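A.B. asks: coords below, sequence missing:
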């Protein structure tokens, strides 16, 4: 019974690692996956000595850390909001609506951002009456917020599933005792967070 699982791991996780050796070769597409002449750390050294190395590392860390922070907080808040909806039909509609963006491909997501944020014809740019010279996707100052917001929006609903499952498993007696103690909605939500 374990053999199919091991075969899947071998085929999809370990065999593709053979391609790592291409990073140490002068790639020649006619040679296929064998790559070409072995050059060692030539390309790594070229990258570390590049004048763009520090900028690339700083930008990568900035984007990663910001996405990590907001991508962690947003699903928790969304789960708390959805958990407060008492009408089961409305709750299901809300859950479906916030899960759907997760299934949008990256190419389609960039197309949507282009439609909304294009300098001259963008829907959001026209709604907010922004100057047409402002390029929200191409500016150094606005790219990180646009990227983080789009990333959080796309995956927030899907990532909130685990928190909703945790909230739904909480004993209703805790809610009742909080009501007796005079807790408001915020205090009950905080209690649930500390409980887990």
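C.D. replies: Nice, I can see it. It should be emphasised that the depicted structure is a prediction, and the values quoted were computed from it without experimental measurement.
A.B. asks: quick check: domain ranges of this structure?
C.D. replies: Following automatic domain parsing, one finds the domains of the chain at 1-49, 53-195.
A.B. asks: What is the burial count for residue 161?
C.D. replies: When counting by other C-beta atoms under 10 Å, one arrives at 15 neighbours for residue 161. C-betas here are computed from N, CA, C, even on glycine.
A.B. asks: need the contact list for it.
C.D. replies: residue 99 (C-beta atoms under 8 Å, 6 or more residues apart in numbering).
A.B. asks: could the domains of the chain go into CSV alongside mean pLDDT?
C.D. replies: Shown next, in CSV, are the domains of the chain (pLDDT from 0 to 100):
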stretch, mean pLDDT
domain 1-49, 89
domain 53-195, 85
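A.B. asks: wait, doesn't residue 155 sit right on residue 103?
C.D. replies: No - Residue 155 is not in contact with residue 103 according to C-beta atoms under 8 Å; the separation is 10.5 Å.
A.B. asks: neighbour-wise, which of these two wins?
C.D. replies: Comparing residue 155 with residue 103 by other C-beta under 10 Å, the one with more neighbours is residue 155, at 17 against 9.
A.B. asks: what number of residues lie near residue 136?
C.D. replies: Other residues close to residue 136 by other C-beta under 10 Å number 20.
A.B. asks: Who are the contact partners of it?
C.D. replies: Taking C-beta under 8 Å, 6+ apart, we find residue 136 in contact with 117, 119, 122, 124-125, 130, 142, 146.
A.B. asks: neighbours of the closest residue to residue 40 other than its chain neighbours, just the number please.
C.D. replies: The shortest distance from residue 40 to any non-neighbouring residue, by C-beta to C-beta, 6 or more residues apart in numbering, is to residue 24 (5.9 Å). Using other C-beta under 10 Å, residue 24 has 14 other residues around it.
A.B. asks: which residues touch residue 24?
C.D. replies: 38-41, 43 are the contacts of residue 24 under C-beta under 8 Å, 6+ apart.
A.B. asks: now do residue 164
C.D. replies: 79, 82-83, 95.
A.B. asks: Would you mind measuring from it to residue 65?
C.D. replies: Distance from residue 164 to residue 65, counting by C-beta to C-beta, to the nearest Å: 26 Å.
A.B. asks: which other helices and strands contact the one helix or strand residue 59 maps to?
C.D. replies: Element membership for residue 59, per DSSP states H and E: helix 53-83. With contacts taken as 3 or more C-beta pairs under 8 Å, 6 or more residues apart in numbering; DSSP states H and E, helix 53-83 sits against helix 88-99, helix 140-159, helix 161-168, helix 185-195.
A.B. asks: Name the residues of that helix that are buried.
C.D. replies: Residues of helix 53-83 classed as buried: 66-67, 70-71, 74-76, 78-80, 82-83 (neighbour count, 16 or more other C-beta atoms under 10 Å).
A.B. asks: distance of the residue nearest to residue 40 from residue 42?
C.D. replies: From residue 24 over to residue 42 the distance is 8 Å, taken as C-beta to C-beta.
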